[in-house]
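*Asks:* Whatever this is, show me its structure:
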Amino acid sequence: MKHRHPAFIFGLLVLLTVVSIPVLFAGSLTSAVETIHTQDLRQHCKVLASDTLEGRETGSRGGEAAGAYIVGLLRKQKKVLPAGPDGDYYQPFPPNSRNILVRLPGCDDALKGEYVVVGAHYDHVGYGNARNSRGPIGYIHNGADDNASGTAALLELVDAFCSLDAAPKRSILFIFWDGEENGLLGSKYWVQSPTVPLDRIRLVFNIDMVGRLRQNRAEVFGSRSGPGLRGLLSAQNTDSPIALNFLWETRRDSDHYSFFAQQVPYLMIFTGKHPDYHTPYDDVEKLNVDGMERITRLLFRTVYAAAQQPTLPPFRSAALQEGTQAQEEAETPLPSPPSRLGVTWDEERAKQNVIQLTEVDPGSAAESAGLQPGDRIVEFDGTRIATPDNMREAVFSAGDPANAVVERTGEKSLRVLRVLTVHLHGAVDPTGIACRVDDAEPACVIVNRVLPGSPAYRAGLRVNDRIQKVGLSRFRSMQEFSALLGTGHGPFEIQIERDGEPKVLRIAPLQRRAGRKVAPSSPH
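*Replies:* This is a model prediction of the structure:
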């Protein structure tokens, strides 16, 4: 437990501002990414979340010292310019708080008047009180994750962008928010008194609590605030990818909300709350600094891509009404269509490579063909059957009619083979998927059903995968996607996004053969 109200040694501020400055590899995007290091992220967090800064409460001497530390580092960067009022780094606001702003001018004459905002709040809750602490109160709440982690990431982003030979096309406004813990005071003040025209802000990135990456999973908010933002982020998630959980709700408890309320699109990566949140136990030793490095590098690539785009998406007003319930409804898989055969087999015997029927559905194709409980399926439509996958694939792809070879107990308990003709229900589907479209995610289709035994199933497609390319071709509508599937001959690659990670799968659609009825090549 930390000592209650330790003496504040203001003279240590000079020492705190002396930290190792990373060696900047001037030039390319790749080399700029490499300037983002765990050791620098850790060092920033050690300073910002030290006992000396007493929890960085806005308006306190610890909060002022944290601001001085940040500005001391920013002064050393010659490519970013002070962006506060009157050419200062600070934007003061009542009663005694200060945002910190710097601007990296864009290099494109047509786009440098537009801005991408990248922000993180640097304040925390000091010693805590009944309103903002989960206890115990009266001890330093260092806020290593909340939000020294985001502040450190933002400092590293500034360094990385300053290491580039050429700035991106759009201007980037880096803002260290103050007063977030007191009700988003700093960001609310900025949108009321913006230092650049609010209508010039094309996209906002909010960095808040990125220090506790667990099981390689992070949450993403705001991807539905502008069409295509999920794709923008996912396309950069290729180097040591992080599994991203895209959530439809918009949280009201961080600085992105001040912009969202003004109908400005935003993105926020978040590693989640934890038992140490708003307690005296949120300390540097508990940070996953390797995870912070990966998230910060992902953010750098994404911010750079956004600043380079010819156009960025407008605000999507439907996001104002969307939340968890709408997401659950949209992402619920479609029910399976009626079974083509209509049987159930013994799962225990199936583990021994024996497909023996236990039930035959009334009115099913199996009942009409004369299949009975107790029959063992030996062959179906010319395929030898030994496993459930064999059986599913054979039924899925079988023509009409299909022959079933079954072993059945006859007179005197003898096992005899019978050949039965089966008129299966439904036509063959070339791929076995159903898809939907979503105006928040243009230029892709979203899988909402995968039929067992189908080519899509065998290729490894899952419900809620996003299909972005078929072969080498992109598409702009469901009709174009369906047409691409219909022209597929033999195996081809499909590019998908799953949990924010791009992947390539190989799928072999069923080919039309004489005597086989194949459904149109389109999603259901």
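*Asks:* and residue 357, what are its phi and psi?
*Replies:* Dihedral angles phi and psi of residue 357 (degrees, to the nearest 10) take the values phi -70, psi 140.
*Asks:* Surely it touches residue 370?
*Replies:* No. With contacts counted by Cβ atoms under 8 Å, residue 357 stays clear of residue 370, the gap being 11.8 Å. Just so you know, the C-beta spots here come from the backbone N, C-alpha and C atoms, and that holds for glycine as well.
*Asks:* out of these two, which sits in the busier spot?
*Replies:* residue 357 (20 against 15; other Cβ atoms under 10 Å).
*Asks:* wait, what's in contact with that one?
*Replies:* With contacts defined as Cβ atoms under 8 Å, 6 or more residues apart in numbering, the neighbours of residue 357 are 343, 344, 345, 346, 366, 371, 372, 373, 374, 375, 376, 377.
*Asks:* run the last query once more with 10 Å
*Replies:* By Cβ atoms under 10 Å, 6 or more residues apart in numbering, the contact set of residue 357 is 341, 343-346, 366, 371-377, 406, 408.
*Asks:* Buried ones among those?
*Replies:* Buried members of these, scored by 16 or more other Cβ atoms under 10 Å, are 341, 343, 345, 346, 366, 371, 375, 376, 377, 406, 408.
*Asks:* Give me the subset of those residues lying in strands.
*Replies:* Restricting those to those inside strands, with DSSP state E as the criterion, leaves 343, 345, 376, 377, 406, 408.
*Asks:* Now flag whichever of the residues you listed is closest to residue 499.
*Replies:* residue 345 (32.8 Å; Cβ to Cβ).
*Asks:* I figured the closest one hits residue 353, correct?
*Replies:* No. Distance between residue 345 and residue 353: 11.7 Å, which falls outside the contact criterion (Cβ atoms under 10 Å).
*Asks:* Now do the shared contacts for these two.
*Replies:* Contacts common to residue 345 and residue 353, judged by Cβ under 10 Å, 6+ apart, are 385, 388.
*Asks:* Identify the contacts common to residue 357 and residue 370.
*Replies:* Overlap between the contact sets of residue 357 and residue 370, as judged by Cβ under 10 Å, 6+ apart, is given by 406, 408.
*Asks:* where along the stretch 251-400 of the chain do the helices fall?
*Replies:* Using DSSP state H, counting those that start in this stretch, the helices of the stretch 251-400 of the chain run over 256-260, 289-308, 324-331, 347-350, 365-369, 388-397.
*Asks:* Turn these into JSON lines, including mean pLDDT and distance to residue 112.
*Replies:* Rendered in JSON lines, the data for these read as follows (pLDDT from 0 to 100; distance: least, Cβ to Cβ, whole Å):
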{"stretch": "helix 256-260", "mean pLDDT": "98", "distance to residue 112": "20"}
{"stretch": "helix 289-308", "mean pLDDT": "98", "distance to residue 112": "10"}
{"stretch": "helix 324-331", "mean pLDDT": "97", "distance to residue 112": "37"}
{"stretch": "helix 347-350", "mean pLDDT": "94", "distance to residue 112": "64"}
{"stretch": "helix 365-369", "mean pLDDT": "96", "distance to residue 112": "66"}
{"stretch": "helix 388-397", "mean pLDDT": "90", "distance to residue 112": "56"}
